[in-house]
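Student: sequence? don't have it. structure:
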């Protein structure tokens, strides 16, 4: 793919960790390279410990990579790029003393959006309604269930109407109704032309939602292309992924 076609390009990303000065570094990411096509939904799949979350943290510069390059719309990460991204971490930290409304106002200000009055209230109501939390607008986050907190985290990723959504295990902790809601939201955002990149170990979600697939195993990318091509010889994504894992282990 050319740079124009990609919202994100990751090239030769490497990351090692050392638990102590007495231990050798463990190579977690090994020349990880993949593309996120614009205006499509890309799934990032791998077993627990495969390097999904470490990759996302390096992409966002939450942790320092050892080497490699990451470009967003052919630009390096910076304040202007960050404003174009909505992000939900795997374990979001929410300020539980705030109400849902106050929480979204805070994140809007962090995004550099300074609405007031009716326009501000309308945007907050629209976003909370989208994630099924409008009736909890005035409630403190400390009173929310785990599933409600996950939906509040999704709301903050959506509130500033980003061009790219990056979601790490977005359906973690949700009940069946909550999972269906998130899937509907992702489909709706895709129709608007939003680029979506989400990680999951739930392969059924990938089959339902994704156009493109990035598969990682043992810190190495084992697939980066069209989802249908990946599944073309198999009845399910689960069987295709298992076959690819066995192929790289030989």
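Tutor: Structure received. All values reported here derive from a predicted model rather than from experimental measurement.
Student: where does residue 45 land on pLDDT?
Tutor: Residue 45 carries a pLDDT value of 89.
Student: what sits closest to it if chain neighbours are left out?
Tutor: Among residues not flanking residue 45 along the chain, residue 215 sits closest, at 5.2 Å (CB to CB, 6 or more residues apart in numbering). Heads up, the C-betas are built off the backbone N, CA and C, glycines and all.
Student: beta partners of the one you found?
Tutor: With DSSP bridges as the criterion, residue 215 is bridged to residue 45, residue 223.
Student: what about the strands in the chain?
Tutor: According to DSSP state E, the chain carries its strands in the segments 6-17, 26-37, 41-45, 67-72, 85-88, 164-168, 195-200, 212-217, 220-226.
Student: format those strands as CSV; extra columns: mean neighbour count and distance to residue 124.
Tutor: Rendered in CSV, the data for these read as follows (neighbours: other CB atoms under 10 Å; distance: least, CB to CB, whole Å):
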stretch, mean neighbour count, distance to residue 124
strand 6-17, 19, 27
strand 26-37, 19, 29
strand 41-45, 25, 26
strand 67-72, 16, 27
strand 85-88, 22, 15
strand 164-168, 23, 18
strand 195-200, 24, 22
strand 212-217, 24, 32
strand 220-226, 18, 37
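Student: between those strands, which one is closest to residue 149.
Tutor: strand 85-88 (11.2 Å; CB to CB).
Student: in its sheet, what does the closest one sit against?
Tutor: Going by DSSP bridges, the partners of strand 85-88 are strand 164-168 (parallel).
Student: distance between the partner strand and the chain's centre?
Tutor: Distance, stretch centre to chain centre, for strand 164-168: 3 Å (CA atoms, centre = their mean, to the nearest Å).
Student: mind listing what residue 230 touches?
Tutor: Contacts for residue 230 (CB atoms under 8 Å, 6 or more residues apart in numbering) come out as 213, 215, 223, 237, 240, 244.
Student: can you do 7 Å?
Tutor: 213, 223, 240 (CB atoms under 7 Å, 6 or more residues apart in numbering).
Student: can you report how many residues lie near the closest residue to the first one other than its chain neighbours?
Tutor: Put plainly, it is residue 213. Closest residue to residue 213 apart from its sequence neighbours, by CB to CB, 6+ apart: residue 227 at 4.5 Å. Here the count is done by other CB atoms under 10 Å, and residue 227 has 22 residues near it.
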